[in-house]
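Asks: Just a sequence and a predicted model for now, questions to come.
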Amino acid sequence: MNLGEVLRRVGEHLDSQGHLWALVGGHALAAYGKARSTLDLDLLVPGKAQHQLIEFMEGLGYETLHRSSGYSNHLHSDPALGRVDFIYVRGDTRREIFEEVREVAGPDGVRVLVPRAEHLIAMKVQAIKNDPKRKFQDLADIAGLLEFSEVDRSQVRSFFERAGMLALWNEFAEDESPT
C-alpha cells in the first residue's frame, strides 16, 4: 500500500469537510516507536463523517466490505490503495480523544494526528472483546504501549474492567510486572 498517497487523499477529503481524523491501529504504534507489520490503514473519524466518507471511498473505487454505526472497511482492487478501515466515534468519546491527539510527521510529509497511548489501548481492548481471536496480537501491542512511563496503568486497568475482562488484565499485568 502507498500509505502516504492514501493518507493524503483521505486526509484532504476529511480536512475539506472540517473533520478531524487520527491514525490508529498498527501504523499508529510506529508513532510510539513500536512498529509492526500491518496490511491495512486504520483511521479514527467522527461519526458524522461516515456517510460522506463512504461515498468518497466508493468514488475512489473502493468496495465497502462492511458498514455499521461504529466501523466501515474498504478494499481497493489496486494494491497501492489497499484496505482502509474506519472507526467512527461520537459524543464524549470523540471529544476526549481528539482533545488529546498529538501531531507527528507521517509518510510523504502528510500531517498525522495520533491519539494518546491510553486511547489506542482502549481500542485494542475493545477489539479483543469484539473478536477474541485478536487477543495475542493486541495484547502484544498493549504491552509495547505500556512501556511508556507516562501511560496511566490504572486507566488501562479500567478499560479491561469496563469490557468485562478484568481477569485478563490481572493475568496480563502479572506477566508484565518486573520479577
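Replies: Sure, I can see it.

Asks: for the spatially most central residue of the chain, phi and psi?
Replies: Centrality entry for the chain: nearest residue to the mean C-alpha point is Val24, 2.5 Å, by C-alpha atoms, centre = their mean. Dihedral angles of Val24 (phi, psi; degrees, to the nearest 10) stand at phi -130, psi -180.

Asks: So which residues make contact with stretch 53-60?
Replies: Where contact means C-beta atoms under 8 Å, 6 or more residues apart in numbering, the residues beyond stretch 53-60 that reach it are 9-10, 13-14, 45, 64, 67, 72, 74, 76, 81, 84, 86. For glycine as for every other residue, the C-beta is placed from the backbone atoms N, C-alpha and C.

Asks: got it, and stretch 167-177?
Replies: Contacts of stretch 167-177 (C-beta under 8 Å, 6+ apart): Ile128, Lys135, Leu139, Ile142, Ala143, Leu146, Arg153, Val156, Arg157, Phe160, Glu161.

Asks: just for the chain, where's the confidence low?
Replies: 175-179 (pLDDT under 70).

Asks: which stretches of it form strands?
Replies: 22-24, 40-46, 63-67, 71-75, 83-89, 102-105, 111-114 (DSSP state E).

Asks: Could you look over those and pick the most buried one?
Replies: strand 22-24 (a mean of 24; mean count of other C-beta atoms under 10 Å).
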